[in-house]
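> prediction below, plus the sequence it came from.
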Amino acid sequence: MNDKLVETVHAVGAKFCKTRRRRTQKLSDHTLNLMAIRREMRLQSLTDLTAYRHLVSGTPEILSEIERFYGQLYTSSLEPHASVNNDPRASLIRHYSDDIADVSLSEIRVALQHLKNGRAPGEDGITAELLKAGGTPVLEVLQKLFNSVLHGGTTPEAWSRSAVVLFFKKGDNALLKNYRPISLLSRVYVLFSRVITNRLARRLDDFQPPEQAGFRKGFSTIDHIHTLRQIVQKIEEYNLPLCLVYVDYEKAFDSIEIWAVLQSLQRCQVDCRYMEVLKCFYSTDGYPSTESEFETYPTAERCKTG
């Protein structure tokens, strides 16, 4: 089914690519030159790299350093398991709610509107622009694929593979810890994830405490900042002691273990059929790679950022 989708999308993509080429030709030579310079600077940023206080140079040495660094970062500090599929901490309670409704075309359209353009595709080469330009024929194939995944509990193997590139954040560009690993995920996988997220958002939000302001619709950390400012003002007014603690998690997304996510979803009484699909998502993962090939190395499961 996934192969049929790729074939359909690329078939309708020929017309889209012609339109895109005409749009690209409208860009000024100056803009295109700036884009080329930026790409060149990005390639030159990894000429020297270090993770363990010794600088390495050259592509083979840098790749080895990256593999070693992320191998340790992604390795659980708890008892290791070969895969989330045989991790007893990720065992699911077989409870079911009502029958899961089929994915509708309207759900896919709504989720497709949230896909950002200009993002690098996965190994299938399908971009968000191609999916949006495909129209009803592509949406119908997507609907069949998504329903097959949802009711079958298994995902296409291609969805579990991703190339990971390093995105420089700030600080010393020779330090690996100053890079964020970004997974080049299949846009079809991202679209399906959005469909599932839209379905579960209301249920998950009902289980969140009022203190949780970040990453929630209708909430803002500004509310907490305002509350703290009021507390500080009152403390100063009455000359009372005050202790404030700020916690900053280093590599926060990289340290999330999938078994813990599954346990949290179970506490929120999410139907286990959705969690079976989530386990399939994270059955395989890979180290970041600066090469163009989609290589996969065995790692512990972590939350993918892409």
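Here it is on my side, so go on. In this text, all values refer to a predicted model and were calculated from it rather than measured experimentally. Residues are numbered from 1 along each chain as shown.

> confirm T155 sits in a helix?
No. The assignment for T155 is coil, going by DSSP: H, G, I helix; E, B strand; the rest coil, so no helix is present there.

> in which helix or strand would I find the spatially closest residue to it that is not a sequence neighbour?
In space, and not counting its chain neighbours, T155 is closest to C280: 4.2 Å by C-beta to C-beta, 6 or more residues apart in numbering. For glycine as for every other residue, the C-beta is placed from the backbone atoms N, C-alpha and C. Here C280 sits within helix 272-281, counting by DSSP states H and E.

> let's see that helix as CSV, backbone CA atoms only.
Taking Å, rounded to 0.1, in the frame of the first residue of the first chain, the C-alpha atoms of helix 272-281 are listed here in CSV:
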residue,chain,number,x,y,z
CYS,A,272,-4.1,0.5,23.2
ARG,A,273,-4.6,0.2,19.4
TYR,A,274,-3.2,3.7,19.0
MET,A,275,-0.2,2.7,21.2
GLU,A,276,0.5,-0.4,19.2
VAL,A,277,1.0,1.9,16.2
LEU,A,278,3.2,4.1,18.2
LYS,A,279,5.4,1.1,19.2
CYS,A,280,5.8,0.3,15.5
PHE,A,281,7.0,3.8,14.8
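
> and the strands in the chain, which stretches?
Assignment of strands within the chain using DSSP state E yields the ranges 48-49, 56-57, 163-168, 179-184.

> deepest in the core, which of those strands is it.
strand 179-184 (a mean of 20; mean count of other C-beta atoms under 10 Å).

> what angle separates it from strand 163-168?
150 degrees (axes from the mean of the first three to the mean of the last three C-alpha atoms, to 10 degrees).

> give the pairing partners of strand 179-184; include direction for each.
Partners of strand 179-184 in the sheet, by DSSP bridges, are strand 163-168 (antiparallel).

> any idea how far L150 is from E237?
With the distance defined as C-beta to C-beta, to the nearest Å, E237 ends up 57 Å from L150.

> what about these two, which has more around it?
L150 (21 against 8; other C-beta atoms under 10 Å).

> which ones are touching the more buried one?
100, 102-103, 273, 277 (C-beta atoms under 8 Å, 6 or more residues apart in numbering).

> same check, this time on A120
Applying C-beta under 8 Å, 6+ apart, we find A120 in contact with 165, 184.

> same deal with the one 3 residues further on?
Contacts of E123 were listed using C-beta under 8 Å, 6+ apart, and they are 158, 161-163, 184, 186, 294.

> where does the stretch 151-300 of the chain dip in pLDDT?
For the stretch 151-300 of the chain, the stretches with pLDDT under 70 are 254, 283-300.

> ok, and the most crowded of the contacts of L150?
Most surrounded of those: other C-beta under 10 Å gives V103, at 23 neighbours.

> I'd say it and R194 touch.
No. Between V103 and R194 there is no contact under C-beta atoms under 8 Å: 11.2 Å.

> show me where pLDDT drops low in the stretch 1-150 of the chain?
Flagging of the stretch 1-150 of the chain using pLDDT under 70 yields the residue ranges 1-2, 12-54, 75-98.

> could you rerun that using 80?
For the stretch 1-150 of the chain, the stretches with pLDDT under 80 are 1-60, 62-63, 67, 70-99.

> and the helices in it?
Ranges of helices in the stretch 1-150 of the chain, per DSSP state H, counting those that start in this stretch, are 2-25, 29-44, 59-73, 105-113, 128-133, 135-152.
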